[in-house]
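Asker: sequence plus predicted model, see below.
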Amino acid sequence: MLTAGALLLSACTGGAGGTGGDPAKPDAPPVAKVSVEPGEGAKDVSPRAPVKVSVAEGTLDEVKLSADGKTVPGKLSEDKKSWAPDKVLEFGKSYTVGGSATGTDGKKVEIKGSFATQAAGKLLRATINPVDNATVGIAMPIKVEFDEAPQDRAAVEKALKVETSVPVEGAWAWLNPKEVHYRPKEFWPANTKVKVTADLFAVPYGKNVFGRANLSTKFTIGRAQVVEADVRTHRMIVKQDGKEIMNLPASLGDESKPDLRTANGIYMVSERNATERMVNEKYKYDVVKKWAVRIANSGEFIHENNDNAANIGKRNNSHGCINLLEADAKKYFDQAMIGDPVIISGSAATKGAVSDTYDWRIDWPTWLSKSALK
């Protein structure tokens, strides 16, 4: 019995070298390794900089990013290995990161971090056209216009995206320091759905100037209508989806006077007005005409001119517009669409890349050369 008791005592008290409950050996550290981007204490961070919380050897339980007491919405990845905010940050804010992760060893790890975004410089406004839900003609370009010229045009272009419901070859071109346009190589295919995204907020334009806001638009290309007017034949032909739907007598600009010629080129419908005042001070011309469809900012319209009925279809004597008989002008006006191309031919003059929406009077290689990303 003593021997057994001695053995029992020995087993209960343990001896030198035992591991059970030895306070001299601390627990193993948690295996989860959390990283936060931007790094702790980072300053002057761009609001567009990537923000990410990730974990190795574990999963994220929750992540909270906040500034001024407001939480920034975000999402965990499906595997709970990473988290990112749903939107870009704001200028001039101090952000804190909190939350927790659980390692593969079952131990929790606290998430902590902080950083500050850069102060806002000058914020530059931009607009986009066509507007949401518009239906436009097959020659309609996309235009992004700025209140002032951005210095870094390449940064702007990189933030622009065009998506189409059918494959379309197209490109951006800077037509002046404040405007960048997008057009296809050929006219848009009829009924194309177009989505444009201009992710411009906080894009650095140079000289401490940044994009004010993101822009977007969705629009639809309508039926494929093309107007063809020939100075020599005194006719205006309207084709829709490749089929002739109108062949109208017309009178175009007086070819005997260079400043009155309706010059060759591809124009685009930009306005439709039931009445329009037509003024040419040089020739003491000041009249109001009906069913006016503007095709150039330099004063060219397709419109009614029954006062000139004797010449319509026979000779060209207008001040540069395309004159039609009233019934024909109304018929055309009723189905004209902003963005329809109007092609003038047969004149002694050619319209250059000036004064209006002249995108289609630029050949494709030249158009491509106007990109800041060439």
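Answerer: Structure's in. What do you need? Residues are numbered from 1 along each chain as shown.
Asker: give me the neighbour count for Lys243.
Answerer: By other Cβ atoms under 10 Å, 8 other residues sit near Lys243. In this view, the C-beta of every residue, glycine as well, is placed from N, C-alpha and C.
Asker: so what's it bridging to?
Answerer: Gln240 (DSSP bridges).
Asker: per-residue confidence at it?
Answerer: At Lys243, the model reports a pLDDT of 97.
Asker: 3 is where my numbering starts, stick with that
Answerer: Taking 3 as the first residue, the last one we looked at is Lys245.
Asker: all helices of the stretch 203-352 of the chain, in order?
Answerer: 328-337 (DSSP state H, counting those that start in this stretch).
Asker: let me see the contact set for the closest residue to Ala215 other than its chain neighbours.
Answerer: Nearest residue to Ala215 in three dimensions, chain neighbours excluded: Phe203, at 5.4 Å (Cβ to Cβ, 6 or more residues apart in numbering). By Cβ atoms under 8 Å, 6 or more residues apart in numbering, Phe203 lies in contact with Pro49, Arg50, Val90, Phe212, Gly213, Arg214, Ala215, Asn216.
Asker: isn't the third one right up against Val47?
Answerer: So that's Val90. No: if you go by Cβ atoms under 8 Å, Val90 and Val47 don't touch, sitting 11.1 Å apart.
Asker: select only the buried ones of the contacts of Phe203 in PyMOL?
Answerer: The PyMOL command for the buried members of the contacts of Phe203 (criterion: 16 or more other Cβ atoms under 10 Å) is given here:
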select buried, resi 49+50+90+212+213+214+216
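Asker: could the contacts of Phe203 be laid out in TSV, adding pLDDT?
Answerer: Shown next, in TSV, are those (pLDDT from 0 to 100):
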residue	pLDDT
Pro49	97
Arg50	95
Val90	92
Phe212	97
Gly213	98
Arg214	97
Ala215	97
Asn216	97
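Asker: return the member of the contacts of Phe203 nearest to Glu188.
Answerer: Using Cβ to Cβ, Asn216 is the member of the contacts of Phe203 that sits closest to Glu188, with 29.6 Å.
Asker: right, and that closest one touches Leu202 too?
Answerer: Yes: under the contact definition of Cβ under 8 Å, Asn216 touches Leu202, with a separation of 5.8 Å.
Asker: what residues sit buried inside stretch 70-77?
Answerer: In stretch 70-77, counting by 16+ other Cβ under 10 Å, buried: Val74, Gly76.
Asker: and that stretch, end to end?
Answerer: 20 Å (Cα to Cα, to the nearest Å).
Asker: mind pulling up the pLDDT for the residue nearest to Ala215?
Answerer: 97.
Asker: cool, Leu62 as well?
Answerer: pLDDT, Leu62: 98.
Asker: Lys114 now?
Answerer: For Lys114, the model assigns a pLDDT of 95.
Asker: could you do Met3 as well?
Answerer: 36.
Asker: now do Val289
Answerer: On pLDDT, Val289 comes in at 91.
Asker: cool, and the one 10 residues further on?
Answerer: Listed pLDDT for Asn299 reads 91.
Asker: before we move on, what about Ala173?
Answerer: Residue-level pLDDT assigned to Ala173 equals 98.
Asker: tell me what whatever helix or strand it lives in is packed against?
Answerer: Take DSSP states H and E as the rule and Ala173 turns out to sit in strand 172-178. Applying 3 or more Cβ pairs under 8 Å, 6 or more residues apart in numbering; DSSP states H and E, one finds that strand 172-178 contacts strand 181-186, helix 366-371.
Asker: let's see it at 6 Å
Answerer: strand 181-186 (3 or more Cβ pairs under 6 Å, 6 or more residues apart in numbering; DSSP states H and E).
Asker: give me the sheet partners of the strand it packs on and which way each runs.
Answerer: For strand 181-186, pairing defined by DSSP bridges yields strand 144-148 (antiparallel), strand 172-178 (antiparallel).
Asker: what residues sit buried inside the first one?
Answerer: Right, strand 144-148. Ile144, Lys145, Val146, Phe148.
Asker: next SSE after it?
Answerer: helix 155-160.
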